[in-house]
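In: Structure for this input, please:
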Amino acid sequence: MTPEEAFARYEEIRPRLPVSSRQGAAAPITGIDQVMAQTDAFIFDAYGVLNVGDRPIPGAHERVQQLRDAGKALLVLTNAASFTRAQTTEKFARLGFDFTADEIISSREVCETCLTEIAPTGTWGVMAPPDFHPEELPVRALALEDDAAPYEAADAFLLLSTAGWTAARQSLLEQSLAAHPRPVVVANPDLVAPRETGLTLEPGYYGHALQDRLGIPPVFHGKPFPSVYEAAQARLGDIAPQRITMVGDTLHTDVIGAQAQGWNTALITDHGLFAGHDVTGFIRQSEITPDWIAPSI
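Out: Prediction:
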């Protein structure tokens, strides 16, 4: 999928997304150090802001340290749901960042708290990464692969990771849900993610496809949906929303979700979804306007 196609798809599903409560000025800045006076807490998206795939973005380490030295509260708010809490912390350490476990909030972490409310004693069929271990989850789980039996045995479905996911597996999921509708929970609402080789399709893409075809609305946890922003706000304590800046690379996830919470927003353009593109046309068409626009953090 190209950035233009991803943007068009985000616009198609716009009625399913939170409604932005504010609009920014889209003021150009060279880096987020220019908005330190207006910000007590910076919240970073990961892909396209701190890293692209397995590579840290040049200058990201230095900027994070500069903000720490200035006494700013820092959080990472990531939709990457393939990893456990410990694995996520280890991933950022491998990338050279010094974020503590308490400074990282993943959509998966927030999502897991709701699973027992939806199907507390049932079996969950999981769109899972290849190294998935069912005991990682607080519910009974089966990985969804090429055998139809786990699809039929599931009482609910959890979409974590598209690593290894295929059109054939999506078809098995659709057929099973069409025959017997059950809850679907998506722990990564992203349609795409920037990698070294381009954009990859993410769980949100397949969750919305299920809704298109079957009319089953998934439960989403992750940007732009409120549960992860509420978790971040709670972790920041009494810092006022208007003193928080979300730093992200997408309009329909990072920016619109943060604006719905009353936060400030900085859109990064050089490394994520809009890398190599003039973002002004996308802003004009979507009418999602961040407070600031920077090439990198």
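
In: roughly how far apart are the nearest residue to Ala163 once chain neighbours are set aside and Pro218?
Out: Take Ala163 and drop its neighbours on the chain: the residue closest to it by Cβ to Cβ, 6 or more residues apart in numbering is Pro129, 4.6 Å away. C-betas here are computed from N, CA, C, even on glycine. Look at Pro129 and Pro218: by Cβ to Cβ, to the nearest Å, they are 19 Å apart.

In: ok, the two, which is more surrounded?
Out: With neighbours defined as other Cβ atoms under 10 Å, Pro129 and Pro218 compare such that Pro218 has more, 21 against 18.

In: which residues touch the more buried one?
Out: Pro218 makes contact with Leu159, Val184, Val185, Val186, Gly207, His208, Leu210, Gln211, according to Cβ atoms under 8 Å, 6 or more residues apart in numbering.

In: Taking those residues, tell me the two that lie furthest apart.
Out: Using Cβ to Cβ, the contacts of Pro218 reach their maximum pairwise distance at Val185 and His208, which is 13.6 Å.

In: For the closest residue to Glu196 other than its chain neighbours, grab the count of nearby residues.
Out: Once flanking residues are discounted, Glu196 sits nearest to Gly53: 4.3 Å by Cβ to Cβ, 6+ apart. Counted by other Cβ under 10 Å, the residues lying close to Gly53 total 11.

In: got it, and Tyr151?
Out: 22.

In: do Glu135 as well
Out: Using other Cβ under 10 Å: Glu135 sits among 8 other residues.

In: please renumber so the chain begins at 54
Out: All right, first residue 54 from here; so that's Glu188.

In: Backbone dihedrals for it, both of them.
Out: Dihedral pair for Glu188: phi -70, psi -10, per degrees, to the nearest 10.

In: Can you tell me which of the contacts of Pro271 are buried?
Out: Leu212, Val237, Val238, Val239, Gly260, His261, Leu263 (16 or more other Cβ atoms under 10 Å).

In: now the first one, which residues is it bridged with?
Out: Partner residues in beta bridges with Leu212, using DSSP bridges, are Met180, Val239.

In: Could you check the pLDDT of it?
Out: pLDDT, Leu212: 98.
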